[in-house]
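Asks: have a look at this fold, sequence not included:
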């Protein structure tokens with residue numbers, strides 16, 4: 001696997017922007033857990049978008065599977081994060097849902113990255 005540091009930097013910038021956006025949405029709704037939503041969104045973005053655009057695999061089929069997994073996970077996590085930011089956050093449910101989605105993403109990503117041939 002190869003890491004592109006330029007694209008990793010772009011995903012860090014996107015992490016900061018999208019994390020602040022969800023923080024602002026939660027803060028404008030007078031939610032006291034707005035900082036947690038911003039941090040959770042930032043972690044979700046850097047894990048999915050960072051891996052999706054900055055990591056590449058030698059095998060083109062494995063690389064495609066990794067990119068599709070990252071894109072689907074990114075969209076799913078953004079939907080969940082913006083729903084929690086917009087409709088209110090129940091902290092235990094938010095932490096559990098985001099944590100489980102990230103664990104599933106990391107597990108599947110690691111399994112795909114270990115595959116040498118498809």
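Replies: Arrived safely, thanks for sending. Predicted model only: the values in this text are computed from it and were never measured.
Asks: all strands of the protein, in order?
Replies: Taking DSSP state E as the test, the strands found in the chain are 2-3, 55-56.
Asks: mind listing the strands the last one pairs with, and their directions?
Replies: So that's strand 55-56. Sheet pairing of strand 55-56 (DSSP bridges) gives strand 2-3 (antiparallel).
Asks: do you know which of the strands of the chain lies nearest residue 103?
Replies: Distance to residue 103, taken as C-beta to C-beta, is lowest for strand 55-56 among those, at 18.4 Å. (Each C-beta comes from the backbone N, C-alpha and C, glycine too.)
Asks: next one: the closest one to chain centre, how far?
Replies: From the chain centre to the centre of strand 55-56 is a distance of 16 Å (C-alpha atoms, centre = their mean, to the nearest Å).
Asks: which residues does it contact?
Replies: 1, 2, 3, 4, 63, 66 (C-beta atoms under 8 Å, 6 or more residues apart in numbering).
Asks: highest neighbour count among those residues?
Replies: Using other C-beta atoms under 10 Å as the neighbour test, the contacts of strand 55-56 are led by residue 66, with 22 neighbours.
Asks: pLDDT score for the closest residue to that one other than its chain neighbours?
Replies: The shortest distance from residue 66 to any non-neighbouring residue, by C-beta to C-beta, 6 or more residues apart in numbering, is to residue 112 (5.4 Å). Listed pLDDT for residue 112 reads 91.
Asks: alright, calling it a day.
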